[in-house]
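[1] Test case, fold it:
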Amino acid sequence: MTEPETPPWKEGWKPMQGPGGPVVAGNPNWVKGMKSPNPAGRPPGLTPQSKLVQKMLENADGILDAVIAKAVEGDSASASLILARIVPALKSQGQAVQFEFDATAPVSEQAEAILTAISTGAVSPDVGRQILEAVNALSQIRASETLEARITALEEKQS
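    Got it, this is the predicted structure:
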């Protein structure tokens, strides 16, 4: 690979040196271990975000009244905003399924059983995918446990 060319504006540039080495950011005269020049830290409430939040909280009642009035007038965006805060969002819920499944079988046979259940309609594809992911996760955990046991046995044998 070729090395990238240095742009002309960066030629001869060297990082600023402070008492403790190159200065990356902040006050160049301050080094780690020194007393902080601002021990109390930034006073609370001075950031633009905190000022905006405070202003919104002071006017919250008026804002809410305006949104409700718009929704009553027929503004669908306002009505949608209000309903989104009142009515909880629908969440999909997994259903219990029953099909031939042997948890002690090898992982490949378990996957075949799940795919067969999906193809026959006993299990929906999304639920089948979740079951396959669970079987895969369990097989990885079992593989890790087996590997750990083998390593422990080898270490004991060498001791």
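
[2] Enumerate the residue intervals of this protein where per-residue confidence is below the cut-off.
    Using pLDDT under 70 as the threshold, the predicted model of the chain has low-confidence ranges 1, 18-20, 22-26, 28, 45, 94.

[3] show me what contacts Ala103?
    Counting by C-beta atoms under 8 Å, 6 or more residues apart in numbering, Ala103 touches Gln110. In this view, the C-beta of every residue, glycine as well, is placed from N, C-alpha and C.

[4] So it, which state does it fall into?
    Using DSSP: H, G, I helix; E, B strand; the rest coil as the criterion, the local structure at Ala103 reads coil.

[5] do the same with Ala96
    Secondary structure assignment for Ala96 (three-state DSSP): coil.

[6] quick one: it from Val135, how far?
    Using C-beta to C-beta, to the nearest Å, one obtains 17 Å as the distance from Ala96 to Val135.

[7] Compare neighbour counts for those two and give me the winner.
    Comparing Ala96 with Val135 by other C-beta atoms under 10 Å, the one with more neighbours is Val135, at 17 against 5.

[8] and that one, what helix or strand is that in?
    For Val135, the enclosing helix or strand under DSSP states H and E is helix 125-158.

[9] Same check on Val72?
    Secondary structure assignment for Val72, by DSSP H and E: helix 60-73.

[10] so what does that helix touch, helix or strand wise?
    The helices and strands touching helix 60-73, judged by 3 or more C-beta pairs under 8 Å, 6 or more residues apart in numbering; DSSP states H and E, are helix 76-86.
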